[in-house]
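Participant: Here's a sequence, model it:
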Amino acid sequence: MEKQYFGTDKNGNEIFKYTLTDEKGNSLSVLNYGATIQSLIITDKNGVKKDVVLGFDNLAQYEENADRTYFGAVCGRVANRIAGGEFYIEGQKYTLAINNGPNCLHGGIDGFDKKFFDLTDAEEDYMTFSTFSMDGEEGFPGNLSLSVKYTFKNSLLMIEYLATTTATCPVSLTNHTYFNLEGKGDILGHKLQLNSSFYMPVNDDTLATGIPTSVEGTHFDFRTEKVLGPAVKALTEIQPSAKGIDHHFFCDSAISEYRKFGTLTAGDDSLKMDIFTNQCGAQIYTGNWVPHMAAKDRMVDNYAGVAIETQFAPNNLNFSHLPNMLLKRGQQYYHKTGYRFYY
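Facilitator: Purely as a prediction, here's the structure:
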């Protein structure tokens with residue numbers, strides 16, 4: 001593992017970039033700021049090494065753009081949106097920070113995406129980062145301890161989350177990496193296949209309605225591989241406020257079982273990525289609001305990458321019929337997601 005100084009954050013913490021390199025010369029770089037995936041170099045079928053994730057090459061950009069992009073960061077305590085920034089546990093109301101229209105998004109103003117993580121364990125093919133969230137932080141109850149383990153070998157990136165709490169609180173973590181398997185341009189030519197027969201509609205604030213809906217006959221039907229561009233265009237016309245795909249898709253198979261969720265393929269067919277998870281589904285976000293800006297060695301804009309954020313169904317605190325994300329004292333939250341690259 002290589003360690004490289006990356007900067008000092010606004011709180012005075014030294015931030016480092018840690019890099020794992022596999023036997024094929026592919027590499028994964030993670031920051032101890034937000035446990036952020038900063039770079040992922042993969043060799044395609046033409047022998048070209050390319051960085052397949054969006055990110056920045058300096059800390060200042062991560063601190064300045066965190067609220068707009070969340071490039072590569074761990075999001076929580078609760079990924080996605082919570083309606084009105086409030087929820088109830090056993091009749092007690094909890095009020096959260098509002099940072100996305102009228103809602104709380106990705107844990108609030110100072111979520112895990114901005115936290116300092118300690119590197120607590122590492123070997124040649126994995127590294128584990130840990131952090132702590134105090135009772136009342138961003139409005140959430142209980143002291144929460146979190147570790148995130150990244151394993152990278154044989155062209156497989158595995159992310160494992162472990163969390164415990166001292167009081168009942170909602171926990172739904174994700175990683176907000178944006179993938180672009182061509183390493184340039186946009187992802188509108190990429191192809192997506194999902195083992196998902198139901199998705200979650202959203203309102204004009206992009207808040208999940210809580211009503212799982214069949215993909216049959218809709219532009220959300222990715223059960224057979226489909227090019228992203230036409231779907232994004234059609235959905236933008238139907239619901240301009242969403243500007244594309246920013247919806248939760250449910251896995252067809254059993255909750256808690258680690259299984260294949262789908263496949264993303266580069267538009268030029270140079271690289272494929274299978275997605276595996278033990279979560280109930282994933283938020284698919286086609287980078288609809290990525291701003292025009294410099295990101296590492298290129299300029300990015302809307303649709304520069306697609307995020308596949310495995311997690312609990314969004315806003316499920318407000319819907320009793322959806323899988324519950326409450327973690328109790330004495331329980332352990334365990335979430336595993338894998339991304340396998342091949343051609």
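
Participant: can you map out the helices along the protein?
Facilitator: 59-69, 228-238 (DSSP state H).

Participant: Any idea which of the ones you listed gets closest to E216?
Facilitator: helix 228-238 (14.8 Å; CB to CB). In short, each C-beta sits where N, CA and C put it, glycine included.

Participant: can you list contacts of that closest one?
Facilitator: With contact meaning CB atoms under 8 Å, 6 or more residues apart in numbering, helix 228-238 is reached by 187-192, 219-220, 222, 242-245, 286, 288, 303, 306.

Participant: List the buried residues in that helix.
Facilitator: Within helix 228-238, the residues scored as buried using 16 or more other CB atoms under 10 Å are 228-229, 231-232, 235-236.

Participant: Return the member of those residues nearest to G136.
Facilitator: Of the buried residues of helix 228-238, the one sitting nearest to G136 (CB to CB) turns out to be L235, at 38.6 Å.

Participant: Now do the contacts for the closest residue to T43 other than its chain neighbours.
Facilitator: Nearest non-adjacent residue to T43, counting by CB to CB, 6 or more residues apart in numbering: K49, 5.2 Å away. Contact analysis of K49 by CB under 8 Å, 6+ apart lists 25-26, 41-43.

Participant: Against N58, how distant is K49?
Facilitator: According to CB to CB, to the nearest Å, K49 stands 22 Å off from N58.

Participant: One more: G281?
Facilitator: From G281 to N58 the distance is 34 Å (CB to CB).

Participant: Compare those two and say which one has the larger neighbour count.
Facilitator: G281 (27 against 12; other CB atoms under 10 Å).

Participant: Next one, pLDDT for the more buried one please.
Facilitator: For G281, the model assigns a pLDDT of 96.

Participant: try D110
Facilitator: So D110 comes in at 94 (pLDDT).

Participant: hang on, isn't it packed against F140?
Facilitator: No - using CB atoms under 8 Å, D110 is not in contact with F140; the gap is 11.4 Å.

Participant: quick one: which of these two has more around it?
Facilitator: Each of D110 and F140 has its neighbours counted (other CB under 10 Å); F140 has more, 26 against 14.

Participant: Can you name the residues that contact that one?
Facilitator: Contacts of F140 by CB under 8 Å, 6+ apart are 77-78, 94, 96, 107, 133, 169-170.

Participant: What residues does the nearest residue in space to P212 that is not next to it in sequence make contact with?
Facilitator: Residue nearest to P212 in three dimensions, not counting chain neighbours: F198, with 4.4 Å by CB to CB, 6+ apart. With contact set as CB under 8 Å, 6+ apart, F198 has these partners: 212-215, 249-250.
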